[in-house]
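[1] The following comprises the amino acid sequence and a computationally predicted model.
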Amino acid sequence: IKRVQLVSNVVDFLGNAMSTKNVVQLALANNRLDRQGYLSLSKYLEKKFPLIILVLQNNPFDDVACAQRFSEAVIAHPTLEKLMVDNCGLGSDTQIL
């Protein structure tokens with residue numbers, strides 16, 4: 001999915017689909033994912049469905065608490081092997097966290 005604004009209800013829909021199917025890769029780059037979208041995504045990561053690759057490039061965080069919760073969900077996820085967060089504000093260049 002690219003270049004649409006993902007509001008939390010769309011992320012909730014994707015999360016529900018991921019929890020009932022064996023989705024192993026989710027690409028959400030360039031979607032202007034908002035705070036609620038990230039919080040919804042964190043909620044589904046905490047459910048530990050078998051996701052292996054998550055692509056979120058160019059979806060900047062604008063809230064430290066949200067970035068913290070998302071980071072904790074990613075770290076605790078047992079199957080996630082690859083996370084792409086370029087230009088999301090989590091790295092050393094434009095860091096929010």
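    Thanks, I have it.
[2] Confirm Leu54 sits in a strand?
    Yes: read with DSSP: H, G, I helix; E, B strand; the rest coil, Leu54 is one of the residues of a strand.
[3] tell me the pLDDT at Val11?
    Looking at Val11, its pLDDT is 69.
[4] An error on my part: the question was meant for Val55.
    pLDDT, read off for Val55, is 94.
[5] again with Leu97
    As predicted, Leu97 sits at a pLDDT of 47.
[6] ok, now how distant is the residue minimising distance to the centre of the chain from Leu56?
    For the chain, the residue nearest the mean C-alpha position is Leu41 (5.0 Å; C-alpha atoms, centre = their mean). Per C-beta to C-beta, to the nearest Å, Leu41 is found 8 Å from Leu56. Glycine gets a C-beta too; all of them are placed from N, C-alpha and C.
[7] on that earlier part again, mind checking which helix or strand the residue nearest to the centre of the chain is in?
    In the assignment (DSSP states H and E), Leu41 maps to helix 35-46.
[8] quick one: low-confidence parts of the protein?
    Counting by pLDDT under 70, the chain shows low-confidence ranges at 1-12, 15, 17-19, 91-97.
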